[in-house]
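Next input, structure requested:
(chains A and B)
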Amino acid sequence: MAEAPQLGFGDKLSLFVQRFVGWIAFPVWGSICFLLMRFLGRYRIEHIQQLRQEYQRLVKAHPGPIILCSNHLTKIDSGLITWSLGSIWTYMHSFRLFSWNLPERERYFGNIFLRLICYFGSCIPVDRGGDRSAVNHSLDKIRYLMNKNHVITLFPEGKRSVRGKVDTKNYSYGVGKLLESVQNCKVICVYLRGSGQEKRSSVPRIGDTFYVKLRPIQIASQYQGIRAARDYSKQIIHALHQMEEEYFALCR
Amino acid sequence: MTRDDVFKKAVEMLVKYKKAKLTADQITEQTTLLKDLEMNSARLVDMILDFEDEFNVRIEDAEADAVRTVGDCVELIMRKVS
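Below is the predicted model:
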């Protein structure tokens, strides 16, 4: 088990302010985002009410930290997951349900519009493949939030699936590192796919209907340290792969 | 085990994780893992775990994070085996 993150007061305060501002402004920016997905993208989520109820039940049943681990096919997957798992009212009423995200700084912090969306949307930028101390600083923030029982969304592959399917060979171990360093964390795998999604793309096809499935999983490892982190990541990737196979058996 | 032995063994082990088209002969102690060999963080972890198994040593996360070049790998292994 890694040491507890050493986060300065300034970082803690900035995370609190970011979260608070995001919550206060959520009715405005959340509604804009949801409406854009619903009416500009003409997207639909299958069984959205049952899905939202299931998510609320899972989160309320576990007062500790939660990681949502999703497959990754488009640049707006986080938005689609957020929309599928709660309404504006639900998030306003219980903002714990609204998860933190870890977008890549280079891709998502390029212009002021994206930067604002990311700030309001509880995003912590990560410099993937960059300076280790900067990456570790971002991970420390996430560990701090997890120790405060927040919900985090991660894409365990570390990138969008190149061939449009969960990559069971080349994936990141970041999620495993986080799990290795935080106690009592619940893992919920999320499989998300639009009806017209064949491979990765920037945005889903207009008018797509999304299949979203949640599956809490138990992870365990006989190892410790980075060996355990690799083991955890492998178990999550295989769970997502299993969910993908079920999707193709059921829907295609 | 000499530094040269460790270097040769390390190169032999890390070439399977590189994405760059560099050949084993072109790798020097100054070669960087992320930029020159185009390894990602997951492959770095795999490499470190391979080192642990091969040289029967235990490498801490902070030590692994400090590795930037092939020379750093050699230095770390030399320190551990001694």
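
and residue 8, what pLDDT?
Because you didn't say which chain, this covers chain A. On pLDDT, residue A:8 comes in at 92.

if you could check chain B rather than the one you did, that'd help
93.

and if you look at residue A:130?
Looking at residue A:130, the pLDDT reads 68.

Residue A:169 too?
89.

Contact residues of chain B facing chain A?
B:34, B:40-42, B:45-46, B:48-49, B:60-61, B:64-66 (CB under 8 Å from any CB of the partner chain). C-beta coordinates here come from the backbone N, C-alpha and C atoms, glycine included.

In the chain, what residue spans correspond to helices?
Here I'm looking at chain A. A:9-35, A:48-61, A:77-85, A:88-93, A:105-108, A:112-120, A:132-147, A:174-181, A:225-251 (DSSP state H).

The intended chain is chain B.
Counting by DSSP H, the helices of chain B are B:3-14, B:41-55, B:61-65, B:70-81.

could you dump these to CSV with mean neighbour count?
Shown next, in CSV, are these (neighbours: other CB atoms under 10 Å in any protein chain shown):
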stretch, mean neighbour count
helix B:3-14, 16
helix B:41-55, 19
helix B:61-65, 16
helix B:70-81, 18
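
and stretch A:46-64, which residues are buried?
Across stretch A:46-64, burial judged by 16 or more other CB atoms under 10 Å in any protein chain shown covers A:48, A:51-52, A:54-55, A:58-59, A:62.

Look up how far residue B:68 lies from the closest residue to chain B within the stretch 1-150 of chain A.
Per CB to the nearest CB, residue A:132 is where the stretch 1-150 of chain A lies closest to chain B, at 4.6 Å. Going from residue A:132 to residue B:68 by CB to CB, to the nearest Å gives 9 Å.

Mind checking which of the two has more residues around it?
In this view residue A:132 and residue B:68 are compared by other CB atoms under 10 Å in any protein chain shown, and residue A:132 has more residues nearby, 19 against 14.

roughly how far apart are the more buried one and residue B:62?
10 Å.

Same question for residue A:151.
28 Å.

So which of the helices of chain A is nearest residue A:193?
helix A:225-251 (6.1 Å; CB to CB).

can you pull the contacts of the nearest residue to residue A:244 once chain neighbours are set aside?
Take residue A:244 and drop its neighbours on the chain: the residue closest to it by CB to CB, 6 or more residues apart in numbering or on different chains is residue A:166, 5.2 Å away. Contact analysis of residue A:166 by CB atoms under 8 Å, 6 or more residues apart in numbering or on different chains lists A:71, A:157, A:237, A:240-241, A:244.
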